[in-house]
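**Q** I would like to see how this sequence folds:
(chains A and B)
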Amino acid sequence: MTQFIDLTLSGISNGAIYAAVALALVLIWRATRIVNFAQGAMLMITTYIAAALVEAGNPYWLALVVAVAAGLVFGALTELVLIRRVESAPPINAVIVTLGLLVFLEALAGMIWSDTPRAFPAAFSIQGYEVGHTRILFSPNSTFIVCVVALVALALGALFRYTSLGLKLRAAAFAPEVARLLGVRVGRMFTIGWALAAGVGALAGALVAPSTFVGPSNFDPILIFAFTAAVLGGLESPLGAIVGGVLIGLVLSYVSGYEGEALAPLAALAMLLLTLMLRPTGIFAASRERRV
Amino acid sequence: MLEVQDLVCEYGAIRALDGVSLQAAAGSVTAVLGANGAGKTTLLRAISGLKRPRAGRVALDGREITAAGVEEIVRLGLLHVPEGRGVIAELTVAENLRLGALARGARRGDGIEAIYELFPPLRARRSEPAASLSGGERQMLSIGRALMAAPKALLLDEPSLGLAPLIVAQIMGLVRELCEERRIAVLLVEQNARSALSIADHALVLDLGHVVASETPEQLAREHELLHAYLGY
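**A** You can find the predicted model right below:
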């Protein structure tokens, strides 16, 4: 029983990371109908920036803020420079561009920072809480991760729901041409969408780095799990991404806890396959019928 | 006053508009009639900036808008209600309306009460997604949303499409009323010539990108051959 609770808690904390990256994928999918395969590589770069700052003796919190700011800028630039050119092209073009960006960024990181992973500090202790006489996996830092991701999700939800910017972002995502005809600068909304997504991704990268270490391809599994979470949530719904992320976190935690860590990636892929076979629109898809 | 002069539009080698001119005064309804492929929708898209014209000029209240971006044209007060009503199904009725107010840089929700007065069914459904509306309600919503932007000129693309005759008459009556009350220049594209002519001050017949007739609805109604040839009467 203790093990079950232990695995559940650490599953939620890992799931929060997958949820945040899934949220980044969903934000971009909703805005531009593109799956950003470079999301993992983008957050890898911003986490390297944070790591470099910490190594240079700067405080952790400054590094965290700079990483998120770098993510915002990086996302906006990616949309303006690369994605803008393929937005009206066939979807395969965008897939190739984001895959190309992934390969390019991982190679670039290897050239600049070498392939040897480096450590990144955690905000709080990663020593698990002591419950009775056993030490569980869930630590003060896990609490921090879960709270930060929950706050960011709530803040984004409020932005989309209650602000003019959010309304314009949603209008541009759902019906770009109609939005343009109402004076919405759709291109700018796409840029903001990419910026927000990459910012959330950067935050997730810095939060997970203490356990994955920072290396050119160290965040690849995160992207796979996050992608599974996003598909599970329907790719369309931010709430779905959060729930999907936590769900994946739990399943992976149980599988690695009871069966062994080597099976975790397989379990994620099995979940992806099952979702696509049984409920391709995801658990949260609002499959409302559209009348014209 | 909306002025269009010698507008030419091409899709590749196909010339969709071949020198179309028209004038729509504030407070008047100008009907643009014609069969499928006559260039009606292209005309509206060229005016609102969605489609770059190859030649010609468009002016709103004397100000040239031919080269302006869609968003800028909207801000100047020209609103285009596209065919198929263009409501954003995923947003609620109120959100759709608020989007219209943002077009004129107003605070969200400014003037929304006036729209509910005008279209009472929208008030009852204001927190529901626009996807749940009937065809007539959607048409009300898209016109109401354009009104939220306090337009000087309104382009309506086939507002009668797929609506029951009674609803069509209702919508047309409202368009006429709004046009006069708010001094809006209305450009009404229709295949349903009869209902469009019933509220129009002036009518244009397009065929393959050419204006083949430009006269009052009364004159047009007398030209049976023209109506038969181009509008299928």
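**Q** what's around B:Leu147, how many residues?
**A** Here the neighbour count serves as a burial measure; for B:Leu147 (other C-beta atoms under 10 Å in any protein chain shown) it reads 22. Where you see a C-beta, it was placed from the backbone N, CA and C, and this is true even at glycine.
**Q** what's A:Asn93 in contact with, if anything?
**A** The contact partners of A:Asn93, taken as C-beta atoms under 8 Å, 6 or more residues apart in numbering or on different chains, are A:Val86.
**Q** helix or strand right after the host helix or strand of it?
**A** Secondary structure here is read from DSSP states H and E; on that basis A:Asn93 sits in helix A:91-113. Read in the C-terminal direction, the helix or strand following helix A:91-113 is strand A:130-131, with elements assigned using DSSP H and E.
**Q** pLDDT (mean, whole number) over that next one?
**A** Taken as a whole, strand A:130-131 has an average pLDDT of 84.
**Q** mind listing what's buried along the one helix or strand A:Val200 maps to?
**A** Using DSSP H and E, A:Val200 maps to helix A:186-212. Along helix A:186-212, the positions that meet the burial threshold by neighbour count (16 or more other C-beta atoms under 10 Å in any protein chain shown) are A:186-210, A:212.
**Q** SS state for the residue of chain A found nearest chain B?
**A** Closest to chain B within chain A is A:Gly183: 3.6 Å, counting by C-beta to the nearest C-beta. Under DSSP: H, G, I helix; E, B strand; the rest coil, A:Gly183 falls in the coil class.
**Q** burial measure for it, as a count.
**A** Using other C-beta under 10 Å: A:Gly183 sits among 23 other residues.
**Q** cool, A:Pro221 as well?
**A** As a burial measure, A:Pro221 scores 16 neighbours (other C-beta under 10 Å).
**Q** do the same with B:Arg75
**A** Other residues near B:Arg75 number 15, with proximity taken as other C-beta under 10 Å.
**Q** contact partners for it?
**A** A:Gly183, B:Ala103, B:Arg104, B:Gly105.
**Q** out of those, which are buried?
**A** The neighbour count (16+ other C-beta under 10 Å) marks A:Gly183, B:Ala103, B:Arg104 as buried among those.
**Q** quick one, longest helix in chain B?
**A** For chain B, the helix reaching the highest residue count under DSSP state H is reported as helix B:165-181.
**Q** OK, contacts around the spatially most central residue of chain B?
**A** When chain B is reduced to its mean C-alpha position, the closest residue under C-alpha atoms, centre = their mean turns out to be B:Leu156, at 1.5 Å. Under the criterion of C-beta under 8 Å, 6+ apart, the contact list for B:Leu156 reads B:Val81, B:Ile143, B:Val175, B:Val186, B:Leu187, B:Leu188, B:Val189.
**Q** which ones among these are found in helices?
**A** Secondary structure assignment (DSSP H) places B:Ile143, B:Val175 from those within helices.
**Q** which ones among the contacts of B:Leu156 also lie next to chain A?
**A** Contacts with chain A within the contacts of B:Leu156, counted by C-beta under 8 Å from any C-beta of the partner chain: B:Val81.
**Q** now do the SS call for B:Trp114.
**A** Quick fix: residue B:114 reads Ala, not Trp. Here B:Ala114 is recorded as helix under three-state DSSP.
**Q** could you give the mean pLDDT of the helix or strand that A:Ala171 is a member of?
**A** Assessed by DSSP H and E, A:Ala171 sits inside helix A:164-174. Per-residue pLDDT values over helix A:164-174 give a mean of 93.
**Q** list the buried residues in it.
**A** A:Gly166, A:Leu167, A:Lys168, A:Leu169, A:Arg170, A:Ala171, A:Ala172, A:Ala173.
**Q** stretch A:66-81 now?
**A** Under the neighbour-count criterion of 16+ other C-beta under 10 Å, stretch A:66-81 has A:Val66, A:Ala67, A:Val68, A:Ala70, A:Gly71, A:Leu72, A:Phe74, A:Gly75, A:Ala76, A:Thr78, A:Glu79, A:Leu80 buried.
**Q** which of these sits closest to A:Ala50?
**A** Using C-beta to C-beta, A:Ala67 is the member of the buried residues of stretch A:66-81 that sits closest to A:Ala50, with 3.9 Å.
**Q** before we move on, the earlier item: turn the contacts of B:Leu156 into a markdown table, including distance to A:Val103, neighbour count and pLDDT.
**A** Compiled in a markdown table, the contacts of B:Leu156 are given as follows (distance: C-beta to C-beta, whole Å; neighbours: other C-beta atoms under 10 Å in any protein chain shown; pLDDT from 0 to 100):
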| residue | distance to A:Val103 | neighbour count | pLDDT |
| --- | --- | --- | --- |
| B:Val81 | 46 | 25 | 94 |
| B:Ile143 | 50 | 24 | 93 |
| B:Val175 | 56 | 22 | 93 |
| B:Val186 | 54 | 26 | 96 |
| B:Leu187 | 51 | 27 | 96 |
| B:Leu188 | 54 | 27 | 95 |
| B:Val189 | 49 | 25 | 94 |
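**Q** including distance to A:Tyr254, could the contacts of B:Leu156 go into CSV?
**A** Supplementary listing: the contacts of B:Leu156 in CSV, determined by distance: C-beta to C-beta, whole Å:
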residue, distance to A:Tyr254
B:Val81, 54
B:Ile143, 55
B:Val175, 62
B:Val186, 64
B:Leu187, 63
B:Leu188, 63
B:Val189, 60
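**Q** restricted to strands, list the contacts of B:Leu156.
**A** Counting by DSSP state E, the contacts of B:Leu156 place B:Val81, B:Val186, B:Leu187, B:Leu188, B:Val189 in strands.
**Q** for B:Glu29, give the beta-bridge partners.
**A** Just to correct that, residue B:29 is Val rather than Glu. Note on B:Val29: beta-bridge partners by DSSP bridges are B:Val186.
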